[in-house]
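Participant: My questions concern the predicted model and sequence given below.
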Amino acid sequence: MLDKLQPGRALRMLAALFPPVAESDFQAVLAILPVDMAEQLSVKGQNVRLITIAWRGSSLVLPYRVYLPEPATEQVSGLTSGQRQVLHCLYLRHHNGYVRQRHLEALFALGAGEPADFTTPFTFSLLGEYVQEILEVLTQHLTPALEASYVQLIRENPLYWQQTQGRVASYWDCYYRIRKRGAPRFRHYVGARLLARLQQACRLAAEK
């Protein structure tokens, strides 16, 4: 899905990503982000790729990538735990893989490793990524509760799940099988192991 974002629409789109979050919490996060959100969500005015995910009765439209500079550490420390989760979710869409990984680790470090329910679409969207280190973080923190949330999201988004599985295979083929000597066979690749675990969880859930 491609769309051109205007400033007002960019802000509305970001707010719509967090339907259960209080407006005051979202505004607290927004206050420490760059002002020109529409410009930061695109590259030199080009169209922005968007991802639509259904979750808990809402249709969320995630930007495929954002180009926001990170706020200062002291600004982030002034946020509540819930507000930080909103912030980390936004940066899970960042164009820099190191930034995505850092915010994913920070998100899991909050709330005793059990992020709020609204974060599920954001962490799930990373399953189709090519950065192996990010997939390893997801593997380490895939608790039974999060796994159950992923199964629910898969049920609501069968086409997106199919696309995610295809991306994992394609990225392994492009970035690992072809480019790296001695790369693991697909079934041993961390992304494939994650898919297998979720496929098994889906089968078990369907049998109940």
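Facilitator: Perfect, I can see it now. Numbering: from 1, shown residues only.

Participant: Could you pull out the buried residues of the one helix or strand Leu104 maps to?
Facilitator: Remark: Leu104 resides in helix 97-109, with elements defined by DSSP states H and E. Using 16 or more other CB atoms under 10 Å as the burial criterion, the residues of helix 97-109 that qualify are 99-104, 107-108. Heads up, the C-betas are built off the backbone N, CA and C, glycines and all.

Participant: can you list contacts of the helix ranked longest in the chain?
Facilitator: If you go by DSSP state H, the chain has its longest helix at helix 190-207. Helix 190-207 is contacted by residues 127, 132, 135-136, 138-139, 142, 147-148, 150-151, 154-155, 164-165, 168-169, 171-172, 186-187 when judged by CB atoms under 8 Å, 6 or more residues apart in numbering.

Participant: Return a ChimeraX selection command for the buried portion of those residues.
Facilitator: Restricted to buried positions by 16+ other CB under 10 Å, the ChimeraX selection for these reads:
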select :127,132,135,138,142,147,150,151,154,164,165,168,169,171,172,186
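
Participant: Filter the contacts of helix 190-207 down to the ones in helices?
Facilitator: Those of the contacts of helix 190-207 mapping onto helices are 132, 135-136, 138-139, 147-148, 150-151, 154-155, 164-165, 168-169, 171, per DSSP H.

Participant: Tell me which two of the residues you listed sit farthest apart.
Facilitator: Gln132 and Arg155 (27.3 Å; CB to CB).

Participant: re earlier: looking at the ones in helices among the contacts of helix 190-207, which is nearest Phe18?
Facilitator: The closest of the ones in helices among the contacts of helix 190-207 to Phe18 turns out to be Tyr150 (CB to CB; 18.9 Å).
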